[in-house]
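Visitor: My questions are about this predicted structure, shown below with the sequence.
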Amino acid sequence: MGEMKRPGGELASRPLHFFWIVDCSGSMYGEKIGTVNHAIQSTIPEMVSAAENNPNAQLMIRTLKFSTGASWVTTNPVNVEDFAWDDLEAVGVTDLGKAFELLSAQLTIPPMSDRALPPVLVLLSDGQPTDDYKKSLAELKKLPWGKKAVKIAISIGQDADDAVLEEFTGNKELVLQANNAAALTKMIKWASTAASLVSAPASLAAEAAQDGDNPVIVDLGGRIPDLDDIQEGDVW
């Protein structure tokens, strides 16, 4: 995937970093974390296929979990073809601020390449932060790659703090609602492929190379799937 043939020579692909940021607090225990594990595991082939159809980008995946503290599940970026999902367990509180701190440390240059496409950050949470997340979120958004990142949040259940998730995305339309297992699965599958492809066009790459303070504004409104075809079932 590193290079693409073109008349007159090779065209090197550009790194596209995709981050799963997963709430593993105790309230996610049971069906919620089980659905997350199964949905992301099952969507890996779709991510591989999407990456193959986008030869301009080299899709790299990482997973960050947070509960009592935060830690990297995937220590270093992994090519999507080699990525394997490690099932997560749920216990503890919701230290979202710690997750933002770890994420910020990886969105600097280095370790990020100055040739990279805008990264994709997908945050999944079902509760309210138990630490002071505001300072670390502000620091994240000050970073050039923090400003340019495509940020998606999946709000799991009726107890999720959508206001916090909207602070993260900067756009209410990019806080996706998932109040049951079927909806959560559908939103994870959508975010895993559609959101990553949004980051790849040349127009966004050009934005990322600029030094301006304005974040990249991505309109996904017409692309986000509706949930009309999902039976209600159990509501979280």
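Guide: Perfect, I can see it now. The model shown is predicted, which means the values in this text are computed figures rather than measured ones.
Visitor: Of all the residues in the strand or helix carrying K135, which ones are buried?
Guide: Element membership for K135 (DSSP states H and E) is helix 133-142. Going by neighbour count (16 or more other CB atoms under 10 Å), the buried part of helix 133-142 is Y133, S136, L137, E139, L140, K141. (Glycine included, C-beta is placed from N, CA and C.)
Visitor: which residues of this structure score low on pLDDT?
Guide: Low-confidence segments of the chain (pLDDT under 70): 1-12, 195-233.
Visitor: so where do the strands sit in it?
Guide: 3-6, 9-12, 14-23, 57-67, 69-72, 78-79, 120-125, 150-156, 175-178 (DSSP state E).
Visitor: Check the offset of the fourth one from the chain's centre.
Guide: Put plainly, it is strand 57-67. 7 Å (CA atoms, centre = their mean, to the nearest Å).
Visitor: What are the buried residues along that strand?
Guide: Neighbour-count burial for strand 57-67 [16+ other CB under 10 Å]: A57, Q58, L59, M60, I61, R62, T63, L64, K65, F66, S67.
Visitor: could the strands of the chain be laid out in a markdown table, adding distance to V235?
Guide: Below are the strands of the chain laid out as a markdown table (distance: least, CB to CB, whole Å):
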| stretch | distance to V235 |
| --- | --- |
| strand 3-6 | 46 |
| strand 9-12 | 48 |
| strand 14-23 | 18 |
| strand 57-67 | 24 |
| strand 69-72 | 29 |
| strand 78-79 | 35 |
| strand 120-125 | 17 |
| strand 150-156 | 12 |
| strand 175-178 | 11 |
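Visitor: Relative to E31, which of the ones you listed is closest?
Guide: strand 150-156 (10.3 Å; CB to CB).
Visitor: Just want the angle from that closest one to strand 14-23.
Guide: When axes from the mean of the first three to the mean of the last three CA atoms, to 10 degrees is applied, the directions of strand 150-156 and strand 14-23 differ by 20 degrees.
Visitor: Off-centre distance for strand 150-156?
Guide: 7 Å.
Visitor: And for stretch 36-46?
Guide: 14 Å.
Visitor: How about residues contacting that stretch?
Guide: Applying CB atoms under 8 Å, 6 or more residues apart in numbering, the contact partners of stretch 36-46 are 20, 22, 28, 80, 83-85, 87-88, 124, 184-185, 188-189, 192-193.
Visitor: if you set the cut-off to 7 Å instead, what comes out?
Guide: 20, 22, 83, 85, 87-88, 124, 184-185, 188-189, 192-193 (CB atoms under 7 Å, 6 or more residues apart in numbering).
Visitor: just checking, which of those residues belong to helices?
Guide: L184, T185, I188, K189 (DSSP state H).
Visitor: which of the residues in the longest helix along the chain are buried?
Guide: Longest helix in the chain by number of residues, with DSSP H as the criterion: helix 31-52. Neighbour-count burial for helix 31-52, with 16+ other CB under 10 Å as criterion, is recorded at 32-33, 35-40, 43-44, 47-48, 50-51.
Visitor: Next, the angle strand 14-23 makes with that helix.
Guide: 170 degrees.
Visitor: now helix 31-52 against strand 57-67, angle please.
Guide: Going by the same axes, to 10 degrees, helix 31-52 makes 170 degrees with strand 57-67.
Visitor: Using PDB, write down the CA coordinates of helix 31-52.
Guide: Output of helix 31-52 as PDB, limited to C-alpha atoms (Å, rounded to 0.1, in the frame of the first residue of the first chain):
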ATOM      1  CA  GLU A  31     -23.800  -6.000  26.500                       C
ATOM      2  CA  LYS A  32     -22.300  -2.600  25.700                       C
ATOM      3  CA  ILE A  33     -18.600  -3.500  25.800                       C
ATOM      4  CA  GLY A  34     -19.500  -6.900  24.200                       C
ATOM      5  CA  THR A  35     -21.200  -5.100  21.300                       C
ATOM      6  CA  VAL A  36     -18.200  -2.800  20.900                       C
ATOM      7  CA  ASN A  37     -15.800  -5.700  20.800                       C
ATOM      8  CA  HIS A  38     -17.800  -7.700  18.300                       C
ATOM      9  CA  ALA A  39     -18.700  -4.800  16.000                       C
ATOM     10  CA  ILE A  40     -15.100  -3.500  15.700                       C
ATOM     11  CA  GLN A  41     -13.700  -7.000  15.200                       C
ATOM     12  CA  SER A  42     -16.200  -7.700  12.500                       C
ATOM     13  CA  THR A  43     -15.600  -4.400  10.700                       C
ATOM     14  CA  ILE A  44     -11.900  -4.900  10.200                       C
ATOM     15  CA  PRO A  45     -12.300  -6.600   6.800                       C
ATOM     16  CA  GLU A  46     -14.500  -3.600   5.700                       C
ATOM     17  CA  MET A  47     -11.700  -1.200   6.800                       C
ATOM     18  CA  VAL A  48      -9.200  -3.200   4.800                       C
ATOM     19  CA  SER A  49     -11.400  -3.100   1.700                       C
ATOM     20  CA  ALA A  50     -12.000   0.700   2.100                       C
ATOM     21  CA  ALA A  51      -8.200   1.200   2.400                       C
ATOM     22  CA  GLU A  52      -7.600  -0.800  -0.800                       C
END
